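J.: mind folding the following:
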Amino acid sequence: MAGIGEAGRLAQTRRDGPRGAASRRSPGPPVPEDEDHRLRALRRYCVPDAPLEPGFERIANLARALFDTPTAMVSLVDETRQWFKARRGFEPAETPRDWAFCAYTILSDEPLVVPDTLRDPLFAENPLVRGGPRIRFYAGAPIVTPDGLRLGSVCVASPRPRASVPQSEDLARLMDLAGIAMDQLELRLRTRALAQAVSERDAALARTGLSSGHKAAAARDGEHRARHGRRAALPA
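T.: Numbers count the residues shown, from 1 in each chain. Just a heads-up that it's a prediction; the model follows:
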């Protein structure tokens, strides 16, 4: 495993987990120490099991073309599973979190790269390696909120191992794609907030209009009763 820069140092960091950044659970990947905040942010930004969206699918297509892999995904990680805003070359709509390479990607702000899963003790026995889709190469960049919470990743995978870590320029582009995915999530959050504000405003206007209508009707009725009362009071 490696990220941008000192591949060996980053590989060891990722195997052990960032110091002070995660706690170990068994079995499966470590859990970030900010997990509660991360999950709240995930629920705020995302609707689980929502349909695949074209904006995220374009990101997956670009990642797959960049790394020349058959598989690319925009993955989000919740308490027990990873699920996808987009996926190319990968059939399942979700996987258990304990199987998810992306559950390791969210432990650091750096990309995670596994050139050959069978040579890495963290992943050699992973069901996604031993069974379909038989992942041998993986690279993922974390999707990070503006306040530093990692929700998931933009990642690529292949059944063919790589002899070396991708060029730092390619990993930087993968990070850019993860940033674009975060921009998409931000845009959807703001759009939902705007739609809610408009809906609340329209409801308030409707209530105000109804109230005004009632007041106007009451005023007209009062005037009618007053005129009728004055006529009845006139001498014959």
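J.: all strands for this protein, in order.
T.: For the chain, the strands defined by DSSP state E occupy 22-23, 31-32, 71-77, 81-88, 94-96, 112-114, 137-144, 150-158.
J.: what comes into contact with the third one?
T.: So the one you mean is strand 71-77. Taking contacts as Cβ atoms under 8 Å, 6 or more residues apart in numbering, the residues outside strand 71-77 that touch it are 42, 46, 56, 59-61, 63-64, 82-90, 97, 100, 102-103, 106, 133, 135, 140, 143, 151-158, 181. From N, CA and C alone the C-beta is placed, and that goes for glycine too.
J.: neighbouring strands for that strand, and are they parallel or not?
T.: Partner strands and pairing direction for strand 71-77 (DSSP bridges) are strand 81-88 (antiparallel), strand 150-158 (antiparallel).
J.: pLDDT (mean, whole number) over it?
T.: Across strand 71-77, pLDDT averages out at 97.
J.: dump that strand to PDB, restricted to CA.
T.: Coordinates of the C-alpha atoms in strand 71-77 are reproduced here as PDB (Å, rounded to 0.1, in the frame of the first residue of the first chain):
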ATOM      1  CA  THR A  71     -13.800  -0.900 -12.200                       C
ATOM      2  CA  ALA A  72     -14.400   2.500 -10.600                       C
ATOM      3  CA  MET A  73     -16.700   3.600  -7.800                       C
ATOM      4  CA  VAL A  74     -17.800   6.500  -5.700                       C
ATOM      5  CA  SER A  75     -18.200   4.700  -2.400                       C
ATOM      6  CA  LEU A  76     -19.700   5.900   1.000                       C
ATOM      7  CA  VAL A  77     -19.100   4.000   4.200                       C
END
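J.: between it and strand 137-144, how big is the angle?
T.: What separates the directions of strand 71-77 and strand 137-144 is an angle of 40 degrees, with axes from the mean of the first three to the mean of the last three Cα atoms, to 10 degrees.
J.: report the buried residues of stretch 35-53.
T.: Within stretch 35-53, the residues that qualify as buried are 35, 38-39, 41-42, 45-46, counting by 16 or more other Cβ atoms under 10 Å.
J.: same list (the residues you listed) but as JSON lines, adding distance to residue 124 and pLDDT.
T.: JSON lines is the format used below for the buried residues of stretch 35-53 (distance: Cβ to Cβ, whole Å; pLDDT from 0 to 100):
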{"residue": "35", "distance to residue 124": "26", "pLDDT": "97"}
{"residue": "38", "distance to residue 124": "27", "pLDDT": "96"}
{"residue": "39", "distance to residue 124": "29", "pLDDT": "96"}
{"residue": "41", "distance to residue 124": "32", "pLDDT": "95"}
{"residue": "42", "distance to residue 124": "29", "pLDDT": "95"}
{"residue": "45", "distance to residue 124": "33", "pLDDT": "90"}
{"residue": "46", "distance to residue 124": "31", "pLDDT": "79"}
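J.: reformat these as a markdown table; add distance to residue 208.
T.: Listed next are the buried residues of stretch 35-53 as a markdown table, based on distance: Cβ to Cβ, whole Å:
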| residue | distance to residue 208 |
| --- | --- |
| 35 | 44 |
| 38 | 41 |
| 39 | 39 |
| 41 | 36 |
| 42 | 37 |
| 45 | 33 |
| 46 | 35 |
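J.: I appreciate the help and will end here.
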